[in-house]
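> A structural model of the following input is requested.
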Amino acid sequence: MMPRDGRTLALWARDMSCANEYANLYGAHPFYIQTNRDGSSHGVLLMNSNGMDVTANATALTFRVIGGLVDLYFFTGPSPEQVVRQYHAVIGRPALPPYWSLGLHQSKWGYPSLEYLQEVVANYSAAGLPLETIWSDIDYMHNRFRNAEFD
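Predicted coordinates:
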């Protein structure tokens, strides 16, 4: 829930593409639904991949975007369900994740060997704990944090 006391929230999401270091792969896309006492609703979505400040008070919502295109969508509802349907018509429905990804994941770096890692998995089974995936994290990289070297 966004505070409506005049505080400004900064939204900034950034990651570089390996193909183009100046292209931003992420974006923050604020969306809200307002539902009135009579059940009528509307929604607003701002799609922009640049950093932005969002300020809300009792009577106004202000977006300050530092660049890019302003794709501002209004969803007229009139019900909350219709607003969500209209929203999904613009952004698409969420993809179903693979079944295995819904279970418990164990992630840790520092396992000394494959045998040790296999023992960890066996211990989960022996204790009756569910385990769908185990990640050995960055251990495969030479010197932990470098995955490429040049001589």
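
> count of neighbours near W135?
For W135, the neighbour count with other Cβ atoms under 10 Å is 11. (Glycine included, C-beta is placed from N, CA and C.)

> hmm, I was thinking of F63
Neighbour tally, F63, other Cβ under 10 Å: 16.

> same question for N48.
20.

> so it sits against R64, correct?
No - contact criterion Cβ atoms under 8 Å: N48 and R64 do not qualify, at 10.8 Å.

> these two touch, right, F75 and Q86?
Yes - taking Cβ under 8 Å as the definition, F75 is a contact partner of Q86 at 4.0 Å.

> give me the more crowded residue out of the two.
F75 (20 against 17).

> quick one: contacts for that one?
By Cβ atoms under 8 Å, 6 or more residues apart in numbering, the contact list for F75 reads H42, G43, V44, L45, Q82, V83, Q86, Y87.

> repeat that for 10 Å
Residues in contact with F75 (Cβ atoms under 10 Å, 6 or more residues apart in numbering) are 31, 33, 41-45, 82-90.

> scan those and report the most crowded one.
Using other Cβ under 10 Å as the neighbour test, the contacts of F75 are led by V83, with 24 neighbours.

> how near is it to V54?
Applying Cβ to Cβ, to the nearest Å, the value for V83 to V54 is 19 Å.

> what's the answer for W12, then?
In terms of Cβ to Cβ, W12 sits 11 Å off from V54.

> now the common contact residues for those two.
Joint contacts of W12 and V54 (Cβ under 10 Å, 6+ apart) are A28.

> these two: who's more crowded?
Using other Cβ under 10 Å, the more surrounded residue of W12 and V54 is V54, with 19 against 12.

> what's the closest non-adjacent residue to the more buried one?
L9 (5.1 Å; Cβ to Cβ, 6 or more residues apart in numbering).

> surely the one you found touches A56?
Yes - L9 is in contact with A56 according to Cβ atoms under 10 Å; the separation is 8.4 Å.
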